[in-house]
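Undergrad: output the structure for:
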Amino acid sequence: MILDRILEHKKSELRRKKSRGYLAELKGRIADRSAPLGFINALEAGLTEGSPALIAEVKKASPSQGLMRAEFKHKFEPAEIAKTYEEAGASALSVLTDQEYFQGCLDYLALVKDHVGLPALNKEFMLEEIQFYEARAYGADCILLIVAALDRIQLQDLYSVAHGLDLDVLIETHDERELDTVLERVPEAELIGINNRNLKTFSTDLGITERLAKRIPDDKLIVSESGIHKRDDVIRIQEAGAKAMLIGESLIKATNIEEKIRGLLFTPSDDPELTESTTRWI
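TA: Numbering: from 1, shown residues only. Reported below is the predicted structural model:
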């Protein structure tokens, strides 16, 4: 399974990062940074009657598809993409920082945070404490914990590490067992993600959000992730109980990102300025 390969490589990366000097360097960077922005607060403020709040993802590549756009081989401008997301109505950002499988890096996160005022999720496979210091040092406001990648003790411990660094936490689940683990082991968790992607086949099914959302208490903020491509998908997940949605592929691949976002967040307009003939995407 691709997740197993990613985690093995991540563990190898982390072994090379374990040095007292590196941690001291990160702590120095953290001291120079402002306090994190409220990621959860931004999602709550972005929720409307017509749409969940949008977490727009800055994504260069994926293991299954390679580069999201052919031109990214020569030119990838994460800050420009993030600014377009912000102008079009995104409530928050997600920035992929895994290098081996997604061609991301922490510098992309720092660059986005230096140019855009929205809170940002560090989209990474978090396994050890040093990664949380990295996230905070490079400007993250929220981190991701993937239940499928962690045992129960790790989930509890890393959740505590994140909060100790004033970071919000998005806990990602894929099925009932993982969701029950979160509700039992981290009952205080406020932000629960439901990933609609099957980690074995990489296929997506919005029925996963519909199924799992019924089991989540009303005081949690549900984020539906993956497989959201059109306005009908947005309506479907909102009716299921999602208060936010994380979208990457369909935005990055759009001919016009602004138009794509407006079409997802609102009923498509007849405004001639918002037609497919407008080719601006960043």
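Undergrad: send the alpha carbons of stretch 69-78 over as PDB?
TA: Provided in PDB are the C-alpha atoms of stretch 69-78 (Å, rounded to 0.1, in the frame of the first residue of the first chain):
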ATOM      1  CA  ARG A  69       0.100  20.500 -14.200                       C
ATOM      2  CA  ALA A  70       2.700  20.000 -16.900                       C
ATOM      3  CA  GLU A  71       4.100  23.500 -16.400                       C
ATOM      4  CA  PHE A  72       5.000  22.800 -12.800                       C
ATOM      5  CA  LYS A  73       8.100  21.000 -14.100                       C
ATOM      6  CA  HIS A  74       9.500  24.400 -15.000                       C
ATOM      7  CA  LYS A  75       7.600  26.800 -12.800                       C
ATOM      8  CA  PHE A  76       5.700  26.300  -9.600                       C
ATOM      9  CA  GLU A  77       4.700  29.400  -7.600                       C
ATOM     10  CA  PRO A  78       2.900  28.400  -4.400                       C
END
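Undergrad: tell me, please, the helix or strand in this structure that averages the lowest pLDDT.
TA: Within the chain, no helix or strand scores below helix 2-17, which has a mean of 90 by mean pLDDT, DSSP states H and E.
Undergrad: list of residues touching that helix?
TA: The contact list for helix 2-17 (C-beta atoms under 8 Å, 6 or more residues apart in numbering) reads 63-64, 98, 100-101, 125, 127-128, 130-131, 148-149, 199, 202. Where C-beta positions appear, they are placed from N, C-alpha and C, glycine not excepted.
Undergrad: now list the buried members of those residues.
TA: Among the contacts of helix 2-17, those classed as buried by 16 or more other C-beta atoms under 10 Å are 98, 101, 125, 127, 128, 130, 131, 148, 149.
Undergrad: about what we covered before: can you pick out the most distant pair from the contacts of helix 2-17?
TA: Using C-beta to C-beta, the pair of the contacts of helix 2-17 lying farthest apart is 130 and 202, separated by 29.0 Å.
Undergrad: so the residue positioned nearest the centre of the chain: helix, strand or coil?
TA: Closest to where the C-alpha atoms of the chain average out (C-alpha atoms, centre = their mean) is residue 94, at 3.9 Å. The three-state label given to residue 94 by DSSP: H, G, I helix; E, B strand; the rest coil is strand.
Undergrad: right, and it touches residue 119 too?
TA: No - the pair residue 94 / residue 119 is not scored as a contact, 10.2 Å apart, by C-beta atoms under 8 Å.
Undergrad: and residue 172, that one's in a strand?
TA: Yes - membership of residue 172 in a strand is supported by three-state DSSP.
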